[in-house]
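*Asks:* The sequence and its predicted three-dimensional model are supplied below.
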Amino acid sequence: MFFLGHMAWAYVWAVVFAGKRWGKLFVPAVLMLGVIPDIDLFLWGFGVEHHTFTHSFFFWIVMFAPFLAVYRGKVIPYLVAVVQHFAFGDFFVGDVMLFWPFNLSYFGFNTAMISVFDVALETGGLLLAAGVMYFNGDLKRLLSVDVRNVLMFFPFLALVTSMLFFAVDVPIIPLVAHIWLSPVFATIVLAHIVLVVFLAVSTAQGLRRVQHLGSLRFWIKQSD
Ligand SMILES: [Zn+2]
């Protein structure tokens, strides 16, 4: 699954698990946690294979243990954002070492990326996330001039990096030439554009606030 689907579904699953009890989630963190197991792509140079220990329940439960001990249930939606990456996304589109280090077998349906199933799951997730965001007020907050939105730069950077990564890893350059010939490919590219623009606008709104605060401070200093 692409970062797109991982981020969208991380948001949906985290909101479901947060429910009314844990209230509002910090969305930039949820989106980043939704893609964090793929950090192994960057550890390839150290002999780490993709979809191994960073895609196991055990690894993340250990990583989250200190936070669970301190913050208790509040942390669960954030842990869910990580776990859904491999137990849902990569499980349906790919296969992963879910039970490392106890069992080194790969589990999953091993569906291909850019298959109809994958693209339907990813764009479906994006639409669902957008709908949830609209109705729970997150969309409005994420598009408002709010300093916290500056942190949407991190998921923005992660998504852009993943797009560049796949542009090199998968022969996307020749594929781009066929974008309008393949509806499946055109759909996933368009979905990426939609999410990238959304993350960029949210970041820009945050930056507007920073700029505003900066000029406000300057003005206060002047009038002292
Ligand atoms: Zn993954």
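*Replies:* Cool, the structure landed. Just so it is clear, the model here is predicted, and its values are computed rather than measured. Numbering: from 1, shown residues only.

*Asks:* could you give the mean pLDDT of the one helix or strand residue 185 maps to?
*Replies:* Using DSSP states H and E, residue 185 sits within helix 183-223. Averaging pLDDT along helix 183-223 yields 87.

*Asks:* Give the other helices and strands that it contacts.
*Replies:* helix 3-18, helix 116-136, helix 138-142, helix 153-169 (3 or more C-beta pairs under 8 Å, 6 or more residues apart in numbering; DSSP states H and E). Glycine gets a C-beta too; all of them are placed from N, C-alpha and C.

*Asks:* right, so the ones you listed: which one is the most enclosed?
*Replies:* Neighbour counts (mean count of other C-beta atoms under 10 Å) averaged over each of the helices and strands packed on helix 183-223 peak at helix 3-18, with a mean of 25.

*Asks:* can you tell me if that helix touches the ion.
*Replies:* No: shown here: helix 3-18 not in contact with the ion (C-beta under 5 Å from the ion), separated by at least 6.9 Å.

*Asks:* Also compute the angle for that helix relative to helix 116-136, please.
*Replies:* Our comparison of helix 3-18 with helix 116-136, counting by axes from the mean of the first three to the mean of the last three C-alpha atoms, to 10 degrees, yields an angle of 50 degrees.

*Asks:* Check the gap between residue 109 and the ion for me.
*Replies:* 14 Å (C-beta to the ion, to the nearest Å).

*Asks:* Give me the neighbour count for the nearest residue to that residue once chain neighbours are set aside.
*Replies:* The shortest distance from residue 109 to any non-neighbouring residue, by C-beta to C-beta, 6 or more residues apart in numbering, is to residue 92 (5.3 Å). Look at residue 92: counted by other C-beta atoms under 10 Å, it has 18 neighbours.

*Asks:* Around the ion, pick out the residues from this structure.
*Replies:* 37, 38, 90.

*Asks:* export those residues to a markdown table and tack on pLDDT and neighbour count?
*Replies:* Converted to a markdown table, these look like this (pLDDT from 0 to 100; neighbours: other C-beta atoms under 10 Å):
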| residue | pLDDT | neighbour count |
| --- | --- | --- |
| 37 | 96 | 25 |
| 38 | 93 | 23 |
| 90 | 93 | 26 |
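
*Asks:* Pass me the low-pLDDT residue ranges in this structure, would you?
*Replies:* Applying pLDDT under 70 to the chain picks out residues 167-181, 223-224.
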